[in-house]
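A.B. asks: this one's structure only:
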């Protein structure tokens, strides 16, 4: 669900408005035609950053979640704070070669070529309830790989959480059968930071 | 073997949660893995609390976290002390205008980047990473912050490898660590 449109109350509305305005659009990054949604400007606003984390913590606090899995690297920025806020483990999902010790790997398809996500063996136990965190979901390729990694470890992926989600997900509402919890749609406008 | 910084009982627990992975990323290195600490919510929270207790109320407006494990610790610290969080990243990850600082590795060079405008002149900053080894990355981070006119108040790491003398490399800047580990390289 998109929080901004789905029954968000008045108080939450104004927090989301401020969060949205704190996000910077960088045109043509990493390549021509992409309007990159840059969350680093959100992180420069301590109140808006705290509100972002608080909205996720309030949503997940009573859902009996024992694991927050964060996608490297921007998923770490939100995910570790959310994990602390709800008293869950934090499990980093990393690019190949970064995690020491035994890992499981999951390949996924990019526009050109493939990439790979890894998770430590033993980090997550069977039947643990997990949320996956990333700053943004576009095609869903990375998040789908993350879901597969966690399910291979026997965990139950309860939801995928992102600050920003591309509009066509509004219609689909799910990714590989898993619910999405997304705060905002992408900004269209260059706000001249 | 690891030593304790002082007698805070939370440190005993922290030290036992760090996993040592031999011969990673290459033979002879005993890698200090903090991911097992993150699997213990209480120990992870205690780690953050110890940093927050030190830095809250010290007028620090910027926490700069070094990609990627510095993000995991830096972001909750920033939130708790009411500071901005500024990611310091490998090349080409940050969109928009950046400044870069090259630094020397054992074999070759690497580079750290910071967004132009993220940090203002005169701001008081912390640099956070999970571990300090030779100090090369932390130095590059400090250089970037000082180039934009910030004051680096302290570097904060969970783990120090004192035998690699990173502390000396920091040009007199204070370093605060929770745990020291010895005999981590052969």
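C.D. replies: Received it, and whenever you're ready, just let me know what you need. Bear in mind that the values here come from a model prediction, so they are computed numbers and not experimental data.

A.B. asks: Which positions in chain B make contact with chain A?
C.D. replies: Within chain B, the positions near chain A by CB under 8 Å from any CB of the partner chain are B:19, B:21, B:24-25, B:31, B:33, B:35, B:38-41, B:44-45, B:48, B:65, B:67-68, B:71-73, B:75-76, B:78-79, B:82-87, B:89, B:92-96, B:115, B:117-118. C-beta: built from backbone N, CA, C; applies to glycine.

A.B. asks: where does residue B:129 land in three-state SS?
C.D. replies: Following DSSP: H, G, I helix; E, B strand; the rest coil, we place residue B:129 in the strand state.

A.B. asks: and residue A:180, how many residues sit next to it?
C.D. replies: Each residue near residue A:180 was counted by other CB atoms under 10 Å in any protein chain shown, and the total is 21.

A.B. asks: May I have the beta-bridge partners of it?
C.D. replies: When assigned by DSSP bridges, residue A:180 has beta-bridge partners residue A:160.

A.B. asks: same question, residue A:71
C.D. replies: residue A:93.

A.B. asks: So it versus chain B, what's the distance?
C.D. replies: 11 Å (CB to the nearest CB, to the nearest Å).

A.B. asks: Enumerate every residue touching residue A:129.
C.D. replies: Contacts for residue A:129 (CB atoms under 8 Å, 6 or more residues apart in numbering or on different chains) come out as A:63-67, A:155-156, A:158.

A.B. asks: Need the buried ones from those selected in ChimeraX.
C.D. replies: Applying 16 or more other CB atoms under 10 Å in any protein chain shown to the contacts of residue A:129, the buried members can be selected in ChimeraX as follows:
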select /A:65,66,67,155,158
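
A.B. asks: ok, of the contacts of residue A:129, which one's closest to residue A:104?
C.D. replies: Comparing those against residue A:104 with CB to CB places residue A:155 closest, at 11.8 Å.

A.B. asks: Please list only the buried members of the residues of chain B next to chain A.
C.D. replies: Buried subset of these (neighbour count, 16+ other CB under 10 Å): B:19, B:21, B:31, B:33, B:35, B:38-41, B:44-45, B:48, B:65, B:67-68, B:71-73, B:75-76, B:78-79, B:83-87, B:89, B:94-96, B:115, B:118.

A.B. asks: ok so, going back, which one of the contacts of residue A:129 is nearest residue A:178?
C.D. replies: residue A:158 (7.9 Å).

A.B. asks: Take the contacts of residue A:129 and keep only those in strands.
C.D. replies: Taking DSSP state E as the definition of strands, the contacts of residue A:129 contribute A:67, A:156, A:158.

A.B. asks: and chain B, which of those reach it?
C.D. replies: Counting by CB under 8 Å from any CB, no member of the ones in strands among the contacts of residue A:129 is near chain B.

A.B. asks: Under the pLDDT cut-off, which ranges of chain B? List them.
C.D. replies: B:1-6, B:185-186 (pLDDT under 70).

A.B. asks: switch to 80 and redo it
C.D. replies: Applying pLDDT under 80 to chain B flags residues B:1-7, B:106-107, B:183-186.

A.B. asks: Kindly report the same for chain A.
C.D. replies: If you take pLDDT under 80 as the line, chain A has these spans: A:1-13, A:111-112, A:167-173, A:188-193.

A.B. asks: residue boundaries of the strands in chain A?
C.D. replies: Using DSSP E, strands in chain A cover A:24-27, A:35-38, A:67-71, A:89-93, A:103-109, A:114-120, A:129-137, A:156-165, A:174-175, A:178-184.

A.B. asks: Now for residue 29, how many residues are close by?
C.D. replies: No chain was given, so I picked chain A. Neighbour tally, residue A:29, other CB under 10 Å: 16.

A.B. asks: Not quite, go with chain B.
C.D. replies: 16.

A.B. asks: So which residue is dead centre in the chain?
C.D. replies: No chain in the question, so chain A it is. Chain A has residue A:134 as the residue nearest its centroid, 2.1 Å off, counting by CA atoms, centre = their mean.

A.B. asks: think we crossed wires, I meant chain B
C.D. replies: Note on chain B: the residue nearest the mean C-alpha position is residue B:129, at 1.7 Å, using CA atoms, centre = their mean.

A.B. asks: All set now, cheers.
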